[in-house]
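Enquirer: attaching a predicted model along with its sequence, questions to come.
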Amino acid sequence: MIRCFFFQVFASDGDASSPNNAVTYRIRSGARDKFSVDPDSGLVSVSPGASLDPDLPGGGTEYRLELAAVDGGIGTPARLSGTAEVVVTVIDINNKPPVFVSPTPGVGETVTVSEDANAGHFLTRLVARDPDVSSRLRYSVDFQASEAFNEDGRWVNKTCDNPTNIASMNLVVGCSKVFFFITLTAALAY
């Protein structure tokens, strides 16, 4: 197993003799089973099997670890300790794809518009959600995967014209508008 140590704590003990001056390290609180410390070196790592993904249940973006350095004292007074607080901030990465919630995922949507619709006529609104924290979605139309049909239901050859002359997509809110008649059947969120 490979362990990734991402910081180290260090403490010293003023006692001149062993075992009183031997220092061991512990996490007293805040680890939530996500972090561990090597008792001898003070190297702090992510615990085996732990996930720091803030998008998952039990995830977070900040962990306050209370670390203790405990000496090897024997007798009276017994072992002495000192503590330090370390704040670990987790930065979310874009590691999950967006999912369409409208139209219904896996079903798709056929949008029909009258041939005499005015330019700027509203076609549809696509809604997608990204489970990543602070995500910003942008929408586009994949004209190569889209299909156009005439009023008789026959396929229209879209290679005869530039598809961007047919319809537009507001990249931020997912609204499409018609320039002239087309039925869009494919769209992407990224």
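Expert: Looks like it arrived, so ask away. Just so we're clear, the structure is a prediction, and the values are computed from it rather than from any experiment. Numbering: from 1, shown residues only.

Enquirer: from here on, contacts and neighbour counts on C-alpha atoms
Expert: Fine.

Enquirer: surely Ser81 meets Val70?
Expert: Yes. With contact defined as C-alpha atoms under 8 Å, Ser81 and Val70 form a contacting pair (4.3 Å).

Enquirer: look at those two and report which has more neighbours.
Expert: When Ser81 is set against Val70 and neighbours are counted by other C-alpha atoms under 10 Å, the residue ahead is Val70, at 22 against 16.

Enquirer: beta partners of the more buried one?
Expert: Beta-bridge pairing for Val70 (DSSP bridges): Thr24, Ser81.

Enquirer: mind checking how far Phe100 is from Pro54?
Expert: 21 Å (C-alpha to C-alpha, to the nearest Å).

Enquirer: quick one, helices of this protein?
Expert: Using DSSP state H, the helices of the chain do not appear at all; there are none.

Enquirer: domain assignment for it?
Expert: By the record's domain assignment, the chain is partitioned as 5-89, 93-190 (automatic domain parsing).

Enquirer: ok, Ala16 - how many residues close by?
Expert: 9.

Enquirer: any idea of the pLDDT on it?
Expert: In the prediction, the pLDDT value recorded for Ala16 is 79.

Enquirer: wait, what's in contact with it?
Expert: Remark: with contacts taken as C-alpha atoms under 8 Å, 6 or more residues apart in numbering, Ala16 is in contact with nothing.

Enquirer: same question, Asp55
Expert: In this structure, Asp55 makes contact with Pro131, Asp132, Val133, judged by C-alpha under 8 Å, 6+ apart.

Enquirer: scan those and report the most crowded one.
Expert: Comparing these on neighbour count, Asp132 comes out first with 18 neighbours (neighbours: other C-alpha under 10 Å).

Enquirer: gap between that residue and Pro97?
Expert: 8 Å.

Enquirer: with Leu67 instead?
Expert: 37 Å.

Enquirer: any stretches of the protein with poor pLDDT?
Expert: Residues of the chain that meet the criterion pLDDT under 70 lie in 1-5, 75-76, 103-108, 143, 146-151, 156-190.

Enquirer: spatially central residue in it, please.
Expert: For the chain, the residue whose C-alpha lies nearest the mean C-alpha position (C-alpha atoms, centre = their mean) is Asp132; its distance is 3.1 Å.

Enquirer: quick one, strands of this protein?
Expert: In the chain, the strands defined using DSSP state E lie at 5-8, 23-29, 35-37, 43-46, 62-71, 81-89, 99-102, 122-125, 127-129, 139-140, 167-169, 175-178, 188-189.

Enquirer: reformat these as a markdown table; add distance to Trp155.
Expert: As requested, the strands of the chain are exported to a markdown table (distance: least, C-alpha to C-alpha, whole Å):
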| stretch | distance to Trp155 |
| --- | --- |
| strand 5-8 | 59 |
| strand 23-29 | 65 |
| strand 35-37 | 59 |
| strand 43-46 | 56 |
| strand 62-71 | 55 |
| strand 81-89 | 54 |
| strand 99-102 | 25 |
| strand 122-125 | 19 |
| strand 127-129 | 27 |
| strand 139-140 | 22 |
| strand 167-169 | 17 |
| strand 175-178 | 18 |
| strand 188-189 | 22 |
